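In: below are the sequence and a predicted model; questions follow.
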Amino acid sequence: MKVLVCGKGGSGKSTIAALLAKSFARRGYGVLVVDSDESNYGLHRQLGLELPSYFMGYFGGKKEMISRMMKAFPKGEKIDLFEEKWGLADIPGDYLTQKDGIRLLAIGKIQDFGEGCACPMGALSKMFLDNLDTTGNEAVIVDTEAGIEHFGRGVEQGCDVILAVLDPSYESLQLSKKIDEISQKIGKTLYFVLNRVNPERRAAMLEFLGEEKVAASISEDEEIFRAGLAGEEIDVQLEEMERLADLVVNKA
Ligand SMILES: Nc1ncnc2c1ncn2[C@@H]1O[C@H](COP(=O)(O)OP(=O)(O)OP(=O)(O)O)[C@@H](O)[C@H]1O
Ligand SMILES: [Mg+2]
């Protein structure tokens with residue numbers, strides 16, 4: 001199964017992606033976490049892993065990708081980076097860090113002033129996920145950049161389930177409508193994960209969202225907060241995350 005985690009900036013996408021990865025790993029799944037956020041550097045620490053070399057390097061780096069895209073796109077051609085379908089075992093080990101059944105792949109990050117936009121990273125995320133096959137005991141969890149640009153790029157196409165992480169804010173609720181609309185259009189299963197809620201916040205959000213798509217409600221958690229502030233691995237096991245993992249397994 002391939003699960004994509006999205007939502008507004010700071011809503012808790014990487015936290016939920018890391019917790020879900022750990023939950024699947026505990027269940028014995030071979031887990032691949034794909035860091036497709038070109039701007040933020042938090043996810044590897046939340047997983048207790050080193051940041052791997054960027055996968056874009058395997059294809060010659062960002063400049064090479066841009067040059068291939070510039071050659072192909074004016075002619076209306078697509079670039080094809082993969083000659084055949086890949087499974088998790090085909091990912092070159094040089095581009096992975098791993099421990100306890102979790103492997104981390106990072107597509108690429110913006111590193112320099114004036115280096116250009118993140119289009120090549122988005123294109124690679126899409127091509128990689130479209131091309132990746134998983135077996136029944138493998139789970140791929142994709143952590144995305146804030147907002148909905150990845151929908152514009154079609155990254156969701158290669159995924160089975162979309163989890164939109166919503167914090168208690170007007171912006172998150174507004175974004176949920178757009179994400180719902182697009183997910184329906186592309187025929188993908190969407191769930192909302194409410195984050196940093198208490199019963200009152202949850203009730204207020206449900207008034208707007210309804211109950212149907214709300215898969216989990218994660219409370220403000222002191223240990224998650226502490227780890228986030230210290231840049232440390234998140235080492236908590238939440239019942240609500242286990243419920244979410246059950247649901248994803250059943251729906252994917
Ligand atoms: N349920 C929670 N309880 C306490 N702190 C939380 C919770 N969820 C997230 N946080 C904290 O909020 C901060 C933002 O979380 P996170 O990095 O997961 O968000 P994000 O959506 O991935 O952000 P970005 O858009 O920058 O990628 C982190 O410091 C994290 O530790
Ligand atoms: Mg993040």
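Out: Ah, there it is. What you are looking at is a predicted structure, and each value in this text was computed from that prediction instead of being measured. Numbering: from 1, shown residues only. Ligands and ions are numbered 1, 2, ... in the order given.
In: okay, and whichever residue of the stretch 101-250 of the chain sits closest to ligand 1 sits in which element?
Out: With Cβ to the nearest ligand atom as the measure, Gly228 is the residue of the stretch 101-250 of the chain nearest to ligand 1, at 2.0 Å. Where you see a C-beta, it was placed from the backbone N, CA and C, and this is true even at glycine. Secondary structure assignment for Gly228, by DSSP states H and E: helix 222-230.
In: list the buried ones in whichever helix or strand comes after that helix?
Out: As assigned by DSSP H and E, the chain's next helix or strand after helix 222-230 is helix 239-251. Residues 241, 244-245, 247-249 are the ones in helix 239-251 that count as buried (16 or more other Cβ atoms under 10 Å).
In: who does the most centrally placed residue in the chain bridge with?
Out: For the chain, the residue nearest the mean C-alpha position is Asp143 (1.8 Å; Cα atoms, centre = their mean). Going by DSSP bridges, Asp143 is paired in beta bridges with Val5, Asp35.
In: quick check: it touching Ser39?
Out: No - if you go by Cβ atoms under 8 Å, Asp143 and Ser39 don't touch, sitting 11.6 Å apart.
In: helices of this structure, start to end?
Out: For the chain, helices defined by DSSP state H occupy the ranges 13-26, 43-46, 61-72, 119-131, 149-153, 170-186, 199-209, 222-230, 239-251.
In: between those helices, which gets nearest to ligand 2?
Out: helix 13-26 (3.3 Å; Cβ to the ion).
In: now the residue sitting furthest away from the middle of the chain: how far from ligand 2?
Out: Distance from the centre of the chain peaks at Lys75, with 31.5 Å (Cα atoms, centre = their mean). For Lys75, the distance to ligand 2 equals 36 Å [Cβ to the ion, to the nearest Å].
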